[in-house]
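*Asks:* Quick one, structure for this:
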Amino acid sequence: MDVGTGQRHRLVYNTEKITQSFPLRSSVEEQACEVVVNVAAVMQNQAGTPNVHSPLTGVSRQAMALRESPFPNGCVEGLHALGWGLILPCFLFLNKLLAICMSTSLERDQREEEECYLHPLKVFFGAIFFFALFIITAPLAFLGFLLWAPLQAARRPFSYHQEAVAVQEREGWVGWEQQGGSGKVTFGFVTANLCLLPEGLARFNNLGNTQRRATAIGKLITQGVSRPRIRIFVDSPSSCGTLSPSSSLLRPATPSSYGATEVQDRSPPEESREEGGGDPRTKSEEAVIDMQGDDVESPTPSLINFNQNSNQQSRKGHRHPPRALETLGSGDEIPWEVTTLFPANVDMVCLEEVFDKRAALKLTEALGPLFGHILYDVGVYAFQMPGCCSAFKFFNSGLFLASRYPVLEAQYHCFPNSKGEDSLAAKGLLAVKVLIGQNQSQNVVGYFNCTHLHAPEGEGAIRCEQLNMVTKWITEFQARTKKSDEMVAFDVLCGDFNFDNCSPDDMLEQKHSLFEDYTDPCRAGPGKEKLWVIGTLLEQPSLYEEDVRTPENLQKTLESEELRKRYISHPVPLAGCPLVYPDPGQPWIGRRIDYILYRDTTLDKQCHTEVEEFTFVTQLAGLTDHIPVSLRLTVTLDSDGADP
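*Replies:* The predicted structure follows:
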């Protein structure tokens, strides 16, 4: 393609620089089952320290007030540690007893290949050994329980981890300031159910090695989100808009996206690669390739369509590659892909079923240097106040939140209507308010909410009640925490909802008013998904089969409608009614129970939101029975609506 005068094509590595970190001080107001932590932001300049632009544009230093320990003082924390220390040996032996009696399908296949016939003896003598140790340590555990349980009334329902990390500069904030309060900035969100239960219980879901899985998952998430985010700008009259990140620039040998635009090899300049050296968690690179002139031929990306199913074929007329759409988020033309890597430069990560405390600490250790602000061990234990929780809680909520932005306020609610095995865990809602930056005289904040609903099938009425609570609690939290001098840039709700938008058994939840308030980018209407959507719940018995065992193979499986039918969970029919699915002429999608929703109605009137990208991630293949999903939002701030 010839380039005329004044036309140019640029390849831009969007990356960010090291700026500053946020120290913390201790101050908190607590309740037994619900907590709101109000954080006062103290602006101060230090003598001799030059001001550096950061996400807090125009702010040189800031002190946050959020105590890391969930207990009000060291004495209570010490007593709690003593009580748990007495319980822990008995808990570990019980966990080992369950684990040795339950094998995953992968372990069974390995024993058959190795022709190992000693496993029954190992189970028999191992069970006797660990059961004996369990009985021996039970009296100590009972004493520890008498000390541990009452202290839960004094515990704040989450632990907070803050790490002094380099805060990445976001060009969007600088752009907003330089353009007089107008411009665009993007935010990336990820949600994933990890099934990090204690070892013995995780094996009932065909997943073992909880601690090793937690370590591996933390490394993989870090590896994915710490990559440079690449965007391609085509500045010409024939421009088709912004092309979103393409990991083929990083891994040209393996196509990484499904139904997406791939870009062939084009290396950044040498000086840019030198700037980008070092630890990817703290430093990244910025490179611009700018070609101008009448006789310059532009680098034309090679467009490869990897779609092999009816998701795209059923669309009318010619369809642009999803990452080359001229208008992002218009109609159902939402840019989407299936990728083997987590999206780059994610801002907030919500994880579910991180029930195991040691696994939560491993994730915190892996993600802390990158995100800096983490809420874990979210939930309540033991008996709580009447009306708060329905039964004794052996496990927390399993929610885990990692944020690049400082947490200003946080609130947790426990669902009081859980039943059956779900009542043993403190499932609920975690709502947080984060400080994004400053735009002129206003603080820019965001609201991020994550939840995990009731699991058993056929109990939609319970989930609907929980959705009612979620809507009520979010509304109350935002009404209580929103200040007049703040601008809200995003309002997101995500998590494992445990119902899908295609099962006849889930019709009650599909019609809930929550979906009138929040927008689901994958949803065409109650009970109807958009054509490109893919189910996110894998069949547990086949987790280790070759087609889904690696990220690359799982990606190829999701590309094939026939293979998806084999490995993605099927819709749930109504009791006594045969299942007719899908409708004639529609693609087979399967159960999508992991959601990322957003809404515009609570944002400032000058903010406008559109979906830049929706991603299904296969990087955790073999490590969990869910497919993580990611949403990237573009927020546009109109200068007409901004404060002078």
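
*Asks:* which residues of the stretch 351-500 of the chain score low on pLDDT?
*Replies:* Residues of the stretch 351-500 of the chain meeting the criterion pLDDT under 70: 386-387, 390.

*Asks:* Ok, the chain next?
*Replies:* 1-65, 165-182, 229-332, 386-387, 390, 639-644.

*Asks:* what about the helices in it?
*Replies:* 74-101, 105-114, 119-151, 171-178, 199-202, 210-225, 270-275, 310-313, 357-371, 460-481, 507-510, 514-517, 551-559, 561-567 (DSSP state H).

*Asks:* Let me have these in CSV, adding mean neighbour count as columns.
*Replies:* For every residue, glycine as well, the C-beta is placed using N, CA and C. As requested, the helices of the chain are exported to CSV (neighbours: other C-beta atoms under 10 Å):
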stretch, mean neighbour count
helix 74-101, 17
helix 105-114, 12
helix 119-151, 14
helix 171-178, 18
helix 199-202, 22
helix 210-225, 20
helix 270-275, 13
helix 310-313, 16
helix 357-371, 21
helix 460-481, 18
helix 507-510, 18
helix 514-517, 16
helix 551-559, 21
helix 561-567, 15
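
*Asks:* And these: which comes nearest Gln438?
*Replies:* The closest of the helices of the chain to Gln438 is helix 171-178. By C-beta to C-beta, the value is 7.9 Å.

*Asks:* follow-up on the earlier one: so which of the helices of the chain comes closest to Gly535?
*Replies:* Across the helices of the chain, closest to Gly535 is helix 561-567 (C-beta to C-beta), at 6.9 Å.

*Asks:* tell me the contacts of Gln603?
*Replies:* Not Gln; residue 603 is Leu. By C-beta atoms under 8 Å, 6 or more residues apart in numbering, the residues touching Leu603 are 488-491, 609, 635.

*Asks:* and with 6 Å instead?
*Replies:* Val488 (C-beta atoms under 6 Å, 6 or more residues apart in numbering).

*Asks:* Quick check: phi and psi at it.
*Replies:* The phi and psi values for Leu603, taken as degrees, to the nearest 10, are phi -80, psi 160.

*Asks:* how far away is it from His626?
*Replies:* 29 Å (C-beta to C-beta, to the nearest Å).

*Asks:* how close does Val635 get to Leu435?
*Replies:* Counting by C-beta to C-beta, the gap from Val635 to Leu435 is 15 Å.

*Asks:* residues touching the residue lying closest to Cys350 once chain neighbours are set aside, list them.
*Replies:* Closest residue in space to Cys350, ignoring its immediate chain neighbours: Cys450 at 3.8 Å, by C-beta to C-beta, 6 or more residues apart in numbering. Counting by C-beta under 6 Å, 6+ apart, Cys450 makes contact with 350, 399, 430, 494-495.

*Asks:* out of those residues, which are inside strands?
*Replies:* Among the contacts of Cys450, DSSP state E puts 350, 430, 494-495 in strands.

*Asks:* ranking those by neighbours, who comes first?
*Replies:* Highest neighbour count within the ones in strands among the contacts of Cys450, by other C-beta atoms under 10 Å: Cys350, with 29 neighbours.

*Asks:* residues contacting that one?
*Replies:* Counted by C-beta under 6 Å, 6+ apart, Cys350 has contacts 191, 401, 450, 494.

*Asks:* distance of Leu531 from Gln555?
*Replies:* 19 Å.

*Asks:* I misspoke; the intended subject was Asp505.
*Replies:* 29 Å.

*Asks:* what does Leu631 give?
*Replies:* Taken as C-beta to C-beta, the span from Leu631 to Gln555 is 19 Å.

*Asks:* got it, and Glu476?
*Replies:* 41 Å.

*Asks:* Spit out the contact partners of Thr215.
*Replies:* Lys362.

*Asks:* Export the contacts of Cys350 to CSV and append columns for distance to Glu107.
*Replies:* Formatted as CSV, those follow (distance: C-beta to C-beta, whole Å):
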residue, distance to Glu107
Thr191, 29
Leu401, 33
Cys450, 32
Cys494, 33
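
*Asks:* List the buried residues of stretch 612-626.
*Replies:* Of all the residues in stretch 612-626, those buried under the rule 16 or more other C-beta atoms under 10 Å are 612-626.

*Asks:* now do stretch 372-391
*Replies:* 372-384, 388-391.

*Asks:* again, but for stretch 487-496
*Replies:* 487-496.

*Asks:* ditto for stretch 428-438
*Replies:* In stretch 428-438, counting by 16+ other C-beta under 10 Å, buried: 428-438.

*Asks:* which of the residues you listed sit farthest apart?
*Replies:* Checking these with C-beta to C-beta, the most distant pair is Gly428 and Gln438, at 32.1 Å.

*Asks:* hmm, back to that, quick one: closest of the helices of the chain to Gln586.
*Replies:* Nearest of those to Gln586, taken as C-beta to C-beta: helix 310-313 at 8.1 Å.

*Asks:* measure Gly188 to Gly368 for me?
*Replies:* Distance from Gly188 to Gly368, by C-beta to C-beta: 18 Å.

*Asks:* Over to Asp638?
*Replies:* From Asp638 to Gly368 the distance is 36 Å (C-beta to C-beta).

*Asks:* got it, and Thr557?
*Replies:* Distance from Thr557 to Gly368, by C-beta to C-beta: 33 Å.

*Asks:* what does Pro416 give?
*Replies:* The value you get for Pro416 to Gly368, if C-beta to C-beta is used, is 33 Å.

*Asks:* One more: Asp517?
*Replies:* Asp517 is 33 Å from Gly368, by C-beta to C-beta.

*Asks:* repeat for Leu146
*Replies:* Going from Leu146 to Gly368 by C-beta to C-beta gives 34 Å.

*Asks:* same thing with Val380?
*Replies:* Per C-beta to C-beta, Val380 is found 24 Å from Gly368.

*Asks:* Repeat that for Glu333.
*Replies:* 38 Å.

*Asks:* now Ile128
*Replies:* 41 Å.
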